[in-house]
Each structure stands twice: as structure tokens, then as C-alpha cells.
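# Just to be clear, the model below is a prediction. Sequence and coordinates:
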Amino acid sequence: MKYIGLIVLHIACIAISCSSFLEEKSQDEVIPSSVADFREILLNYQVTGYTSAILAMDDDVAIDESQYWGSGDFFLAVIVEGCFTWQPDMWERSSTLSDNYALIYENIKAMNAILEKIDEAEGSEMEKSMVKAQALGWRAYLYFVLVNTFGEPYNYNKNALGVVLKLESAYEDKGLVRSTVEDVYARVVEDMEMASNILNANPKSRGDYLINCTAADILLSRIYLYMEDWDKVIEVADRAIGTAEGLFDYTTLPVGPRFYMTSYDNPEVEWIFANTNVPSSLFKVSDDLMSKFSEGDRRKEFLPGDFNGIGKTVVNGSGPSVMVRIAEAYLNRAEAKVLASKPDIEGALSDLNELRRHRIANYSDISIASVDELLEEIREERRKELCFEGHRWFDLRRYGMPSISHDFRLRLAAPLLRYTLEEQDPLYTLPIPRNVLENNVEMEQNTSALRPEREGSPI
């Protein structure tokens, strides 16, 4: 992934939306003028996929106490405590994981500016339309992440407050109110549909860190899945699978050399972007998740005892680490086929078995007649297939927000405590960071921020 100087980023986010500033000329300012300039800006702003806090809050992770040392509080445990134990003041603690709120909005602001100025750029109409598709798709993805982090689940309360929906790059000194979850989703769908239409009307490219038609449709099928629009999920997932290279057969991988999933060498990967920062050496795969993998499942090889060498990331953690891959489309489609008004059990089973044949050595197709049992199998498969890729926390929300627990202590000498996130707990919707509220007097806080400190129970 190439980078172009910070001054260009500053101009992309602020200057191109201010005509008077564009008139200024200096030796250290670069004004984006061509399609290539705007394309570079797009790459530079694909820096955050979601807040890494969501990786610390689901039931796929546990604390690896073998990493603790010394007699005092372990510094990494201090950093993750607020998120790992679902505290209402998780963002305000002296040491904590980043909420990424401001950074995501900076990304959105840059996309707004690009959409406002790309028609004036030097380049062909096709090149301009492709940049538009990238900006629309990235903006849609970011709002999708924001509304699923700070708004209630769509299928639980779509009339609840979502996030501020800002579609212009110009600075506003007045307070901005939060749009509803439903309104944010409507914008996300509109943007991603437009991106998909443009990308599907042009030749597909892969391997350039930009959204392609298949990636846009995989994301679109995810959005419709969260909205429980099952027919649209099936329609869009069909299209994504039709333009993909297909599933990669993990059972053919040699034993020994590491295969890194987050790489365009993996033919399933359609888009790689962003980074997530989580204290990897502190976490291990939870016993509950590990128990779900059967004998011969090659995916277990991507799940070592700690996250330092996890096969789902690039070597040494360098470069982008968030990906969109075609396996998700099979899982989205399978779930939708089960839950559609006219369930397609045979079709859902076909998708499930197809995925498993590419993951489990000597796999034999299963047959399930029960809708409930098949749905459970598909969702368990989703958990195994997409773990640590930013899905599980959001999936738990749309599954009805079940109760989960984490065992935690700051030092080995302290008693081990169990912290419980109750069913439909308010902390399934994360509090708005306090500094955001201070900068926007019109913004209303989530009720999760008003909860008392969560206390652990002795084990």
C-alpha cells in the first residue's frame, strides 16, 4: 500500500472543501487535481476498520495469564480492563483501548470531500466513477461500523439513536444530533448499492487494496443480513459468489510453512484494508471457541495459544490486517436461506457443506432437517470461520445479545473474578466517548454510560 505525504491528507480532509484555501499556494502544499491523486488519498484514509475494543469484548477471547510478570498490575491488563470487563467509563480510564471515534469521522470527512470534488478532477469519466465507488463504499462501511458500535442493533430497536450522519465535508460550528439507527442504515444501503452498481459495471480488479465489485457485494450482503432482509441477502450473495474465484481448499495446505490468511495470495480475499491495534500478547483463544473445532479442521492452525503469530494477520503484523473474503458470502447466504419466508434447507445445507469441505480434512456432508438445528450449525460455523475478523461482537448483538462472561484480574496475586455481561445488557451498545459529548453539546449519551461500575464475582 503506497502513502503520499501528510500534507495531502490534510488537504483532502479540509482544504478541498474550502475554495478560499485552494487559492493559496506554497512550496509544501499539494492540491489533489487528478484521479490518481484522489485514488492515493483513498488508500491513505483506509486506516481504521473498527475500534479494536470489540475484539476484547466478545466470547472468543480470554486472558493469557502466562504473559503476566512482576508483582504489580500488569500494564497490558490495565489497558484492556475497561473494555474486557464492559465498564461504562471504558473510554475515560487513564489507560484504555482507543474508541477510534474521531479517526473514523476523519475518514468519513475525507470521503465526503472526495465525493464533492472528484467530478472536477483530471481523468476519464470511468476513472472518476471508480473513485466515487471507492469513496461511497468506504463511507458506507465506516457508518455501518459506527452505528453497530454506538447504536442499538437494527433488529432490536431501529428507532433508537444511531450516530451523527454527516454527508458534507464543510466544518459546522453548531451541534449535530444523532440520526436513528434506521436512518443511518438507509444511508449505508444507498451508498453501498451505488458503489456496487458502479463496480459491477466495470472490469474487476483485485490485489490493489481497493474495494472491488465482489467485496462491495459481500459487504452489502452483510448489511442486509443485519437488517434481516433475507431475500436481498441471497440475491447479493449470489452475485458476490458469481464474481469470486471461489473457496480456497485449506485441506491442501502443507503442514509446516505458515499460510497467512490476510494476503492477496489467498484467492478468497477480495479486499484488505485498515489496521486494528489490540494487545495481542495478552489474549488467547477462549476454551469455548476452541472446543467448537473438530478433528481435521485446518482452521485450528490459524489459532495458536497467543495472538502474536496468528495466521489471520500478515507477517509480523505489518500492513493492513482487516479483510473481506468470499467465505462470508456463503455463510450470509446460508443463514438467509434458513430464515427466509420460504426456507431453503437444501440450499443452506449445500452452502454449509461446501464451506466445510474446504476446511476439514476427510469431511463427509451432513444432513439436517430441523430449521433451528441448521441455523445453530451455520452460526457456529460462522463463529469459527470469521473469528477475530471483527464479526463476533456484532453477531452477538444481532443474535439477541446473550449473556457472556470474562474472567479477569490485574495481577496474579489478586483473586480471579468473573465479570458478566447480562442478556440484552445496555453495554452491548457502547457509550459515546465523553470528549465527543463535550465537543458536541447537541449529542445525547447512551444509557450504557449511566450504568454503575461492573463488579466481578469470586470464582
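Perfect, thanks for sending it.
# hey, let's count contacts and neighbours off CA atoms from now on
Will do.
# where does the residue most central in space within the chain land on pLDDT?
Nearest to the mean C-alpha position of the chain, counting by Cα atoms, centre = their mean, stands residue 390 at 4.4 Å. For residue 390, the pLDDT comes out at 93.
# mind checking how far it is from residue 143?
Between residue 390 and residue 143 the computed distance is 15 Å (Cα to Cα, to the nearest Å).
# about what we covered before: can I assume the residue nearest to the centre of the chain is in contact with residue 53?
No: Residue 390 is beyond contact range of residue 53, at 9.9 Å (criterion: Cα atoms under 8 Å).
# how deep is residue 216 tucked in, by neighbour count?
Residue 216: 30 surrounding residues under other Cα atoms under 10 Å.
# ok, and the closest non-adjacent residue to it?
Of all residues not flanking residue 216 in the chain, residue 196 sits nearest, at 5.5 Å (Cα to Cα, 6 or more residues apart in numbering).
# need the next SSE after the helix or strand bottoming out on mean pLDDT in the chain, C-terminal direction.
Within the chain, no helix or strand scores below helix 19-22, which has a mean of 27 by mean pLDDT, DSSP states H and E. As assigned by DSSP states H and E, the chain's next helix or strand after helix 19-22 is helix 35-44.
# Show me what that following helix is packed up against.
Here helix 35-44 touches helix 6-13, helix 125-150, going by 3 or more Cα pairs under 8 Å, 6 or more residues apart in numbering; DSSP states H and E.
# for the protein, what are the low-confidence residue spans?
Scanning the chain for pLDDT under 70 picks out 1-30, 173, 256-258, 304-319.
# quick one: the strands in it?
Taking DSSP state E as the test, the strands found in the chain are 61-63, 269-273, 283-285, 322-325, 404-408, 417-421, 457-458.
# Sketch out the helices for the stretch 51-200 of the chain, chain order is fine.
75-84, 101-117, 125-150, 154-157, 181-200 (DSSP state H, counting those that start in this stretch).
# before we move on, back to that, buried deepest among the helices and strands packed on helix 35-44, which one?
helix 125-150 (a mean of 23; mean count of other Cα atoms under 10 Å).
# what's the angle from that one to helix 101-117?
If you take axes from the mean of the first three to the mean of the last three Cα atoms, to 10 degrees, helix 125-150 sits at 150 degrees to helix 101-117.
# count of residues packed around residue 349?
Look at residue 349: counted by other Cα under 10 Å, it has 24 neighbours.
# Next: residue 245.
For residue 245, using other Cα under 10 Å, the count is 14.
# Equivalent analysis for residue 255, please.
Around residue 255 there are 10 other residues, counting by other Cα under 10 Å.
# do you know how far it is from residue 262?
19 Å.
# Could you pull up the residues touching residue 141?
188, 192, 219 (Cα atoms under 8 Å, 6 or more residues apart in numbering).
# quick one: contacts for the last one?
If I follow you right, that is residue 219. Applying Cα under 8 Å, 6+ apart, the residues contacting residue 219 are 141, 324.
# Renumber starting at 2 from here on
Let's use 2 as the start, then, which means that last one is residue 220.
# centre of the chain versus stretch 406-422, how much separation?
Relative to its chain's centre, stretch 406-422 lies at 27 Å (Cα atoms, centre = their mean, to the nearest Å).
# swap in stretch 279-289?
The answer for stretch 279-289 is 18 Å, by Cα atoms, centre = their mean.
# how close does the closest residue to residue 104 other than its chain neighbours sit to residue 103?
Leaving aside its chain neighbours, residue 104 sits nearest to residue 49 (7.4 Å; criterion: Cα to Cα, 6+ apart). If you measure residue 49 against residue 103 using Cα to Cα, the figure is 11 Å.
# Neighbour count for the two, which is higher?
residue 49 (21 against 13).
# give me every residue that touches that one.
101, 104-105, 275-277.
# Return a ChimeraX selection command for the buried portion of the residues you listed.
In ChimeraX syntax, the buried subset of those is picked out as below (16 or more other Cα atoms under 10 Å):
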select :101,104,105,275,276,277
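# what's the closest of the contacts of residue 49 to residue 435?
Nearest to residue 435 out of these is residue 101 (Cα to Cα; 13.0 Å).
# Contacts only, for the closest one.
So residue 101 contacts 49, 51-52 (Cα under 8 Å, 6+ apart).
# For it, give its distance to residue 77.
Remark: distance between residue 101 and residue 77 (Cα to Cα) = 19 Å.
# Same check on residue 436?
23 Å.
# Give me the more crowded residue out of the two.
residue 77 (19 against 11).
# Go through the contacts of residue 142 and say which is closest to residue 59.
So of the contacts of residue 142, ranked by how close each gets to residue 59 (Cα to Cα), first place is residue 220, at 21.2 Å.
# Okay, helices next: where are they in the stretch 302-451 of the chain?
Under DSSP H, counting those that start in this stretch, the stretch 302-451 of the chain gives helices at 328-340, 346-358, 372-387, 393-399, 435-440.
# how about these in a markdown table, adding distance to residue 118?
Formatted as a markdown table, the helices of the stretch 302-451 of the chain follow (distance: least, Cα to Cα, whole Å):
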| stretch | distance to residue 118 |
| --- | --- |
| helix 328-340 | 33 |
| helix 346-358 | 43 |
| helix 372-387 | 37 |
| helix 393-399 | 34 |
| helix 435-440 | 28 |
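# Nearest to residue 119, out of these?
Across the helices of the stretch 302-451 of the chain, closest to residue 119 is helix 435-440 (Cα to Cα), at 30.0 Å.
# For that closest one, which outside residues touch it?
Contacts for helix 435-440 (Cα under 8 Å, 6+ apart): 92-93, 444-446.
# Check the residues you listed for burial and list the buried ones.
92, 444, 446.
# Which of the residues you listed sits closest to residue 385?
Of these, the one sitting nearest to residue 385 (Cα to Cα) turns out to be residue 92, at 29.2 Å.
# which parts of stretch 279-295 are buried?
Those buried within stretch 279-295 under the rule 16+ other Cα under 10 Å are 279-280, 282-287, 294.
# try stretch 360-369
360-362.
# just stretch 392-404 next, same as before
393-399, 402.
# could I get stretch 195-207 in CSV with only the CA atoms?
Taking C-alpha atoms only, stretch 195-207 is exported to CSV below (Å, rounded to 0.1, in the frame of the first residue of the first chain):
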residue,chain,number,x,y,z
MET,A,195,-24.3,2.8,-5.6
ALA,A,196,-20.8,1.5,-5.1
SER,A,197,-21.8,-2.0,-6.1
ASN,A,198,-23.6,-0.8,-9.3
ILE,A,199,-20.6,1.2,-10.4
LEU,A,200,-18.1,-1.6,-9.6
ASN,A,201,-20.1,-4.3,-11.3
ALA,A,202,-20.4,-2.2,-14.4
ASN,A,203,-16.6,-2.0,-14.8
PRO,A,204,-13.9,-4.6,-15.1
LYS,A,205,-13.0,-6.3,-11.8
SER,A,206,-9.5,-5.7,-10.2
ARG,A,207,-8.1,-7.5,-7.2
